[in-house]
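Novice: have a look at this prediction, sequence included:
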Amino acid sequence: MIFVLFASFAYSVATNPGYQWDVVWQYLTYRTVLAGLGWTLALTAASMFIGIVLGIVAALMRQSSNPILSVVAAGYIWLFRGAPLMVQLIFWYNLAALYPTIDIGLPFLPPLVSLSTNEVITPLVAALLGLGLNEGAYMAEIVRSGLLSVDAGQREAAQSLGMSPAHTLRRIILPQALRVIVPPTGNEVIGMLKATSLVSILAFSDLLYSVQGIYGRTFQTIPLLIVATIWYLVAATLLSLVQQYLERRYGRGHSRRAQDGMSLLMAPLSSALFRRGAGK
């Protein structure tokens, strides 16, 4: 039944003239589309870099014994996880409505440098601020969950050996936490790839905005959206392969320990069954 439904859908896609597959193939490698794809990939990488850095810092602050650092990190996570991403993008793009100039200098003294906010907050800067700060809030919880997954005895053992907190974090805690951090981070990267489509509201020339510009002139909306979908799927597939590789790499030791633990659990049962069979 499922095969029949799938075959019917595939036949409809292949024969329905509304899809305009000739137009799809025509624009699939169009220069403007490929340029938009490049900006989408670059924006994804830059935003994830900002998000990962902010996430690590916020996670460490969240776990700090200093209540001020912990409260500041919790407030940052609460604010940027709670506000919709599109709202954040529009807010950063219209920051000049609140602050027409960005003043640099000492507090309560005349500014040393005064810059126009509209000149500083370009569509690219607004996109990076919106995507990066939003992603940092999610990455903070992912990193924190990874750090909490490492047994406290690991930290205590490192301290007993005279290792500094920074050295302990870099050499002991993080390598073990990566097993928990990598899978959701891979999902966040793929989610970021798709979230970059929201920056089209800022008139930023990403993949979606590029195809919108084309079908705004040609009125071939469906085939151009299919072009964008194909490239999003290709990029997401490649990122998924990278994610699977990293998961296998950082989960090798855990997989062996899990198999060894299962063998130890099954050994008494196998021995008992062997003795029972021999008794018969």
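Specialist: Received the coordinates, thanks. Numbers count the residues shown, from 1 in each chain.
Novice: quick one: the nearest residue to residue 117 once chain neighbours are set aside and residue 104, what's the gap?
Specialist: Leaving aside its sequence neighbours, residue 117 sits nearest to residue 96 (CB to CB, 6 or more residues apart in numbering; 3.9 Å). Where you see a C-beta, it was placed from the backbone N, CA and C, and this is true even at glycine. Separation of residue 96 from residue 104 (CB to CB, to the nearest Å) stands at 16 Å.
Novice: more neighbours, the two?
Specialist: residue 96 (15 against 10; other CB atoms under 10 Å).
Novice: the more buried one contacts residue 119, doesn't it?
Specialist: No: proximity of residue 96 to residue 119 does not meet the contact threshold set by CB atoms under 8 Å, at 9.3 Å.
Novice: ok so, going back, and the residue nearest to residue 117, what does it touch?
Specialist: Listed by CB atoms under 8 Å, 6 or more residues apart in numbering, the contact set of residue 96 reads 116-118, 121.
Novice: okay, it: pLDDT?
Specialist: Looking at residue 96, its pLDDT is 92.
Novice: how far away is it from residue 85?
Specialist: Distance, residue 96 to residue 85, by CB to CB: 20 Å.
Novice: then residue 156?
Specialist: Distance, residue 156 to residue 85, by CB to CB: 40 Å.
Novice: looking at the two, which is more packed in?
Specialist: Counted by other CB under 10 Å, residue 156 and residue 85 do not tie: residue 85 has more neighbours, with 16 against 11.
Novice: residues in contact with the more buried one?
Specialist: Shown in contact with residue 85 (CB under 8 Å, 6+ apart): 130-131, 134, 195, 198.
Novice: where does pLDDT dip in the chain?
Specialist: Low-confidence segments of the chain, defined by pLDDT under 70: 252-280.
Novice: would you map the strands across it?
Specialist: When assigned using DSSP state E, the strands of the chain occupy the ranges 101-104, 113-116.
Novice: of those, which is nearest residue 251?
Specialist: Proximity to residue 251 (CB to CB) singles out strand 101-104 among these, at 45.1 Å.
Novice: residues contacting that closest one, please?
Specialist: Strand 101-104 is contacted from outside by 111-117, 120, using CB under 8 Å, 6+ apart.
Novice: most neighbours among these, which one?
Specialist: Neighbour tally across these (other CB under 10 Å): the maximum, 15 neighbours, falls on residue 117.
Novice: thinking again about what came up before, let me know the closest of the contacts of strand 101-104 to residue 91.
Specialist: Among those, and counting by CB to CB, the member closest to residue 91 is residue 117, at 12.5 Å.
Novice: for residue 126, see how far away the closest one is.
Specialist: Computed as CB to CB, the residue 117 to residue 126 distance reads 11 Å.
Novice: common neighbours of the two, please.
Specialist: Between them, residue 117 and residue 126 share the contacting residues residue 95, judged by CB under 8 Å, 6+ apart.
Novice: can you give me the helices for the stretch 101-250 of the chain?
Specialist: 117-120, 123-148, 152-160, 165-168, 174-195, 207-218, 221-250 (DSSP state H, counting those that start in this stretch).
Novice: just name the most buried of those.
Specialist: The highest mean neighbour count among the helices of the stretch 101-250 of the chain, using mean count of other CB atoms under 10 Å, belongs to helix 123-148: a mean of 21.
Novice: just how off-centre is that helix within its chain?
Specialist: 8 Å (CA atoms, centre = their mean, to the nearest Å).
Novice: by residue count, what's the longest helix in this structure?
Specialist: Using DSSP state H to define each element, the chain has its longest helix at helix 31-62.
Novice: report the buried residues of it.
Specialist: 33, 36-37, 39-41, 43-44, 46-48, 50-52, 54-62 (16 or more other CB atoms under 10 Å).
Novice: on contacts alone, who are the packing partners of that helix?
Specialist: Under the contact criterion of 3 or more CB pairs under 8 Å, 6 or more residues apart in numbering; DSSP states H and E, helix 31-62 touches helix 67-82, helix 123-148, helix 174-195, helix 207-218, helix 221-250.
Novice: now it, how far from the centre of its chain.
Specialist: Distance of helix 31-62 from its chain centroid, counting by CA atoms, centre = their mean, is 8 Å.
Novice: tell me the phi and psi of residue 99?
Specialist: phi -130, psi 90 (degrees, to the nearest 10).
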